[in-house]
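Novice: Next one to model:
(chains A, B and C)
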Amino acid sequence: MSNKLIIMDGNSIAFRAFYALPLLNNDKGVYTNAIYGFTTILLKIIEEEQPTHLLVAFDAGKVTFRHKDFKEYKGKRQKTPSELSEQFPLIRKLLDSFSIKHFELEGYEADDIIGTMTKEADQEKWSTKVYTGDKDMLQLVSDHVHVALTRKGISEVEYYDLDKLDEKYQLKPEQIIDLKGLMGDTSDNIPGVPGVGEKTALKLLHQYETVEKVYEHIEEVTAKKLKENLVNYRDDAFLSKALATIERGAPIELKLEDTVYEGYDKEKVVPFFKEMAFGSLLERVGAEVAELKEEDMEEIVVQTLTVDDQELLKQALISPSALHAEVTEENYHKSPVLGLSIRNKNGLFFVSNPTVQESKDIQQWLKDRGQEKWIYDAKRAEVALSWLGIELEGVHFDTYLAAYLLDPSDSDYTADSIAKKYTGLTISSDEQVYGKGAKRTLPNPEEELEEQVIQHIARKADSIYIVKEKLEEKLEEAELSSLFFELEQPLGRVLAKMELEGVKVERKTLDDMGEELASRLDELTKDIYELAGTEFNINSPKQLGEILFDKLQLPVIKKTKTGYSTNAEVLEKLEPQHEIVGNILHYRQLGKIQSTYIEGLKKVIMAKTSKVHTMFQQTIAATGRLSSIDPNLQNIPIRLEEGRKLRKAFVPAQEGCVLLAADYSQIELRVLAHISEDEGLIEAFKEDKDIHTKTAMDVFHVEEKDVTSLMRRHAKAVNFGIVYGISDYGLSQSLNITRKEAASFIERYFESFPGVKKFMEDVVKQAKKDGYVTTLLHRRRYLPEINSSNFNLRSFAERTAMNTPIQGTAADIIKKAMIDMALKLEEKKLASKLLLQVHDELIFEVPKNEIDIMTKLVPEVMEAAVQLNVPLKVDVDYGDSWYDAK
DNA sequence: TATGGCACGC
DNA sequence: GACGTACGTGCCATAA
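Specialist: Model prediction:
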């Protein structure tokens, strides 16, 4: 078998991994992100390359022979953050556990070790590949030696052989040194020639091949400034070239054969992964240890309730009890309930679906609000049971919502991970029991369940019973109890009723619109094919890119990582250049309406009732906002008339009703005025000024009458940026201006609203100190990256610190308003119903005889949801469809 | 089946 | 040493 050697540039890969991944730490508080990333790459290499020999080279010592020639070498480089340097010993330990050779040599860099080893390997004609993030290494490429450069992220790499190098730079490997000699390298503090970047350097090298030859022909260089710089910085050019040259004859005792790799021993790797808490990687190396199957778990005693066993029913149906309803389908509006489990001081009980349906005792207990229940995802249980005609009341504690409030940035609130996270208790996940993806098989709800499934369902109630106390304590500690008991849990009930009520959507209206769209799309398609001179899939960005930029030779504005960018922003710039572009934009617009909204909505209308029943997700957004799925009713078009017409299909379900929409005007900016106590902003809202115009007046120092529409548009975008926490880059994108200009807009905004500036500074400081930010109602969001040494991660966390109190408080307010409104409707015995929430807007179905009272009541209640130091303002309108309630 | 590009809302 | 920029949902195409 032929030899295959892989050499990893240890420092470079570790750096890459460190900066590509968030600062993970394991349960001991040790940072592990670089180790984790390093391990993923390593596993990938082992799997994909199947090397016979493996070596990891590290830098050693701060001073290398390069410093003798140039003491500023790597001078400007910031010192390695401690969060990373502390991970290096563990990376070595990782390699030891894999029985992989690693090597370092005092006074030399990893580059030189790699240079020397690859030279030997090349002579022996070993197929060799170097994994690194350092472009310099491209100088090592030869027939036998290839280089894999890490790209974005950690696992994406780009492979270089001689052909690829020629294709990309039209250079030979040895010319990489010349390239760097001319252009320098700021990260290593290698000077190069001022004013010479990659483009110029490549041009020179394509013409003259080497630095030496460039100087031999220096008189031929016509560009005056360039020639001057080349002449003046001649020494730097040669020095830089020397510094960039990788040593290929370092005094290394290591022999090629010493790097032999014969596979790793699971017995050694598994303990290390466990120590690092690399759960997912354990699975990847096939550690059976992680596979806790239901049948392997200790069997627990579960008593199955029957309709007649009064004695057992008496034990099971008490207060308080943990209750779990196994609702298996993702969409709980159309899911069976496999059964219930109950855990209390008397033990653990299971109730099959037929028993639930039959037993009046159980149903009575379920709807008795005096019988306290602890539950996981009460809304799911309530809605699914409700579709079966069974009521659920008396939920005192929902572990799902509690886990969300305790850490709203988490992405996994499955019952098993909550149990694991808060009590260390291991129970099976649904995936382990039912399988996932195509292999997911759910038990037939008509048939008796297997013991394994009953155990699984029972264990969930068991875990709820155990984890509840812990969660309750934690909520109290984090001052989240009232948010939990008075806001989030009651809101869950309100949402359940909204979802169950559903919204009527007229299929006929959608059909008609769909037909018209289809024929217009047909026309557009024909025109586009005609203009393109060929038929292609307009929906494929890849094919579209080829047509626009290869065939029609339109200028490339932006690239994505897979090819040309063809998004609306790009197309709008190209629109004047070719007739086809406008057609494509229009096609996209109509196509979106057709596929996502017309066809998408039709799929989810329940035939019987003509209604759609969304699911409001209460644990997704870290700011506290809701989201809506299946269908998403929070993104129905409104901006453009063609899409807005869709709203005509959303109508009252009941005869003699209208739809009423009430939206908060500028709620986020009012919240900002309140929190920041900025005088100018407060006054603007007290006087109910047009806030964007007011912003423009202050930022551009003009009178109201002199505010142009452009100024207002810019001011509006700045306000938008403040509300959504976008960066100067984001603002520059949305206004199509330079980043500098955007930054100066933001600066001028802060000058005009000093209170806002102070708030932003204070909240970031506070977040750095406490590690989290809060909203008006104490919602909390942790920002572990706010003290990161990584500029990007830190900046992002800082913007989040500024934005979350604003957006989160707005979310608190409308949630409170929803609860208040639900109470009001009940109290006043009104027949009006709350149907939808769209972040700052509530939609009701209102009988005509209640229109007068509701148009008054809804704004009143919404505006009084909380008291701020500026008024809240609500606009209201109603009509025969959502379209007409504008 | 997973991922990327794109577009809709706030 | 790298670099990517409110969020969430859902569609389509494409690669794996």
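Novice: Please make it C-alpha for all contacts and neighbour counts, starting now.
Specialist: OK.
Novice: Do any residues in the helix or strand containing A:S732 lie close to DNA strand C?
Specialist: Assigned by DSSP states H and E, A:S732 belongs to helix A:728-735. Yes - with C-alpha under 7 Å from any atom of the strand as the criterion, DNA strand C is reached by helix A:728-735 at A:Y729, A:G730.
Novice: List the buried residues of that helix.
Specialist: A:D728, A:L731, A:S732, A:S734 (16 or more other C-alpha atoms under 10 Å).
Novice: Let me see the contact set for the second one.
Specialist: Read that as A:L731. Residues near A:L731 by C-alpha atoms under 8 Å, 6 or more residues apart in numbering: A:A717, A:V718, A:G721, A:R739, A:A742.
Novice: counting contacts, what elements does whatever helix or strand comes next after the helix holding A:S732 pack onto?
Specialist: Scanning forward in sequence from helix A:728-735 by DSSP H and E, the next helix or strand is helix A:739-752. Helices and strands touching helix A:739-752, by 3 or more C-alpha pairs under 8 Å, 6 or more residues apart in numbering; DSSP states H and E, are helix A:691-700, helix A:709-724, helix A:728-735, helix A:754-770.
Novice: Can you show me the CA trace of the second one as PDB?
Specialist: What follows is helix A:709-724, C-alpha atoms only, in PDB (Å, rounded to 0.1, in the frame of the first residue of the first chain):
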ATOM      1  CA  SER A 709     -37.700  62.900   1.900                       C
ATOM      2  CA  LEU A 710     -34.200  61.600   1.500                       C
ATOM      3  CA  MET A 711     -33.300  63.000   5.000                       C
ATOM      4  CA  ARG A 712     -36.400  61.300   6.400                       C
ATOM      5  CA  ARG A 713     -35.600  58.100   4.700                       C
ATOM      6  CA  HIS A 714     -32.100  58.100   6.200                       C
ATOM      7  CA  ALA A 715     -33.400  59.000   9.600                       C
ATOM      8  CA  LYS A 716     -35.900  56.200   9.400                       C
ATOM      9  CA  ALA A 717     -33.100  53.700   8.500                       C
ATOM     10  CA  VAL A 718     -31.100  54.900  11.500                       C
ATOM     11  CA  ASN A 719     -34.100  54.400  13.800                       C
ATOM     12  CA  PHE A 720     -34.500  51.000  12.300                       C
ATOM     13  CA  GLY A 721     -30.900  50.200  13.000                       C
ATOM     14  CA  ILE A 722     -31.300  51.300  16.600                       C
ATOM     15  CA  VAL A 723     -34.300  49.200  17.100                       C
ATOM     16  CA  TYR A 724     -32.800  46.100  15.500                       C
END
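Novice: Name the residues that touch that helix?
Specialist: With contact meaning C-alpha under 8 Å, 6+ apart, helix A:709-724 is reached by A:668-669, A:692-693, A:695-696, A:699-700, A:727, A:730-731, A:734-735, A:745-746, A:749, A:803, A:806-807.
Novice: So what angle separates the directions of it and helix A:754-770?
Specialist: 20 degrees (axes from the mean of the first three to the mean of the last three C-alpha atoms, to 10 degrees).
Novice: What of the third one?
Specialist: Taking the same axes, to 10 degrees, one finds that helix A:728-735 is oriented at 140 degrees with respect to helix A:754-770.
Novice: burial measure for A:S142, as a count.
Specialist: A:S142 has 20 neighbours, counted by other C-alpha atoms under 10 Å.
Novice: and it, backbone torsions?
Specialist: When quoted as degrees, to the nearest 10, the phi and psi of A:S142 stand at phi -150, psi -170.
Novice: what's the answer for A:V147, then?
Specialist: As for A:V147, its main-chain torsions (degrees, to the nearest 10) stand at phi -120, psi 130.
Novice: Over to A:L777?
Specialist: The phi/psi pair for A:L777 (degrees, to the nearest 10) reads phi -100, psi 20.
Novice: residues in contact with it?
Specialist: Contacts of A:L777 by C-alpha under 8 Å, 6+ apart are A:L483, A:T809, A:D812.
Novice: which of the residues you listed lies closest to A:P191?
Specialist: Using C-alpha to C-alpha, A:T809 comes nearest to A:P191 of the contacts of A:L777, at 50.7 Å.
Novice: What residues of whatever helix or strand that closest one lives in count as buried?
Specialist: Taking DSSP H and E as the criterion, A:T809 maps to helix A:791-827. Buried residues in helix A:791-827, counted by 16+ other C-alpha under 10 Å: A:793-822, A:825.
Novice: Sounds good, over and out.
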